[in-house]
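I'll drop the sequence and a predicted model, then ask my questions.
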Amino acid sequence: MYKELLEEIRKAENICIFRHLRPDGDAVFSAFALKEFIKFNFKDKKVRCLGSEELDILPVTEKASDQFIRKSLAIILDCSVEERTDDTRFHLAKKIILIDHHPLKGPIPYGDIQIRDTEVAATCELLAKIFYSRAFLEYKMSPKCMEYLYCGILTDSNSFKTASTTDRTLYYASKLVKDGKLNSSDLNDYVFSKSVAYFNGISRIRNLLKIENGVGYVILNQKLLDKIGVSYNEAKNSIDEFGCINSLDKWAVFVYNRKTGHYDGSIRSRREFTINTLCYRYNGGGHKNACGVKMLTLRKVKEFIEELGKIEAC
């Protein structure tokens, strides 16, 4: 598969890189790492990272016309569910390649070439694995590319604290730091440091935590979001604040989405509690211990919390 990916990159004149809606760090950093790798090694390629939504730590979005996409190779990163792609025009492309690390409940319905590895902690880890592979041996990563990959691994592994972090995650992260001469301390600050206003908002969210049957959860309606002074994305990202509570087996944050009029949730669990099977039934999915759900009514949110509490350790 890696050789096929390289051959398609070599042949393409235009390349469009896509990622998922409401992008996290792994989605954005993987996109710009891939672009940086291609531009560093194939200077004649025209590459665009497409997306409608920005991320505060890398607030860059690029655009491309329909005509440009029709003449392009489309590479979709960190997004196995077709309807979650942050620009559905990838269908216009001459060929579609999917590179992702999310487990699925069934076969992937799209992509001419699919490179998937559910054992890695991040799509950025998968890209590092690809770029360091024998198939790509004659090509090099720039320091900027390695910086993007390292930052993406940091975000999806929550600084190497998630259950998906393995010895291979640490191996590729260490290679990137060594080969790119990266300052890991500075990059950790870059990825995770927040403003005083954000810190105060997250502190208020912490105080709203409720615990039932080993499940910690917060439900944020629009009135609470306005009162606390945090955005939809900031509220959803607060999920990582609760992983340090040793009495919790599972924890969740549900946030009202003003655009849809429903609640979206971020859910996490300890390694021995598998949650993605439940999340598939609530318009969601994801990893074994890190998932999302969407488009839930308040009644469905409460029903989900009750079912989450019934999940037993494997």
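Perfect, thanks for sending it. The structure presented is a predicted model; accordingly, all values stated were derived computationally and were not measured.

show me what contacts residue 213?
Residues near residue 213 by CB atoms under 8 Å, 6 or more residues apart in numbering: 309, 310. Where you see a C-beta, it was placed from the backbone N, CA and C, and this is true even at glycine.

no no, residue 49
Counting by CB under 8 Å, 6+ apart, residue 49 makes contact with 17, 19, 31, 32, 35, 60, 61, 62.

which SSE is it in?
For residue 49, the host element (DSSP states H and E) is strand 46-49.

Buried ones in that strand, by neighbour count?
47, 48, 49 (16 or more other CB atoms under 10 Å).

ditto for stretch 36-52
36, 37, 38, 39, 41, 45, 47, 48, 49, 50, 51.

now stretch 52-61
55, 58, 61.

how near is the first one to residue 186?
Read it as residue 55. 19 Å (CB to CB, to the nearest Å).

and what of residue 117?
From residue 117 over to residue 186 (counting by CB to CB), the distance is 29 Å.

Residue 141 now?
Taking CB to CB as the measure, residue 141 falls 19 Å from residue 186.

Contacts only, for the closest residue to residue 181 other than its chain neighbours.
In space, residue 181 comes closest to residue 143 once its chain neighbours are excluded; the distance is 6.6 Å by CB to CB, 6 or more residues apart in numbering. With CB under 8 Å, 6+ apart as the criterion, the residues that contact residue 143 are 180, 181, 182.

which of those lies closest to residue 278?
Among the contacts of residue 143, residue 182 lies closest to residue 278 (CB to CB), at 38.0 Å.

Please identify the helix or strand for the closest one.
Using DSSP H and E, no helix or strand contains residue 182.

and residue 106, what pLDDT?
Predicted confidence (pLDDT) for residue 106: 67.

Can you pull the domain assignment for the protein?
By the assignment in automatic domain parsing, the chain contains the domains 2-191, 197-310.

Mind putting the buried residues of strand 46-49 into CSV with distance to residue 270?
Below are the buried residues of strand 46-49 laid out as CSV (distance: CB to CB, whole Å):
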residue, distance to residue 270
47, 40
48, 40
49, 35
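
possible to save those as CSV with pLDDT and distance to residue 223?
Shown next, in CSV, are the buried residues of strand 46-49 (pLDDT from 0 to 100; distance: CB to CB, whole Å):
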residue, pLDDT, distance to residue 223
47, 97, 43
48, 97, 39
49, 96, 36
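
where's the lowest-mean-pLDDT helix or strand in the chain relative to the chain centroid, distance-wise?
Lowest by mean pLDDT, DSSP states H and E among the helices and strands of the chain is strand 285-286, with a mean of 86. Its chain's average C-alpha position is 11 Å from that of strand 285-286, according to CA atoms, centre = their mean, to the nearest Å.
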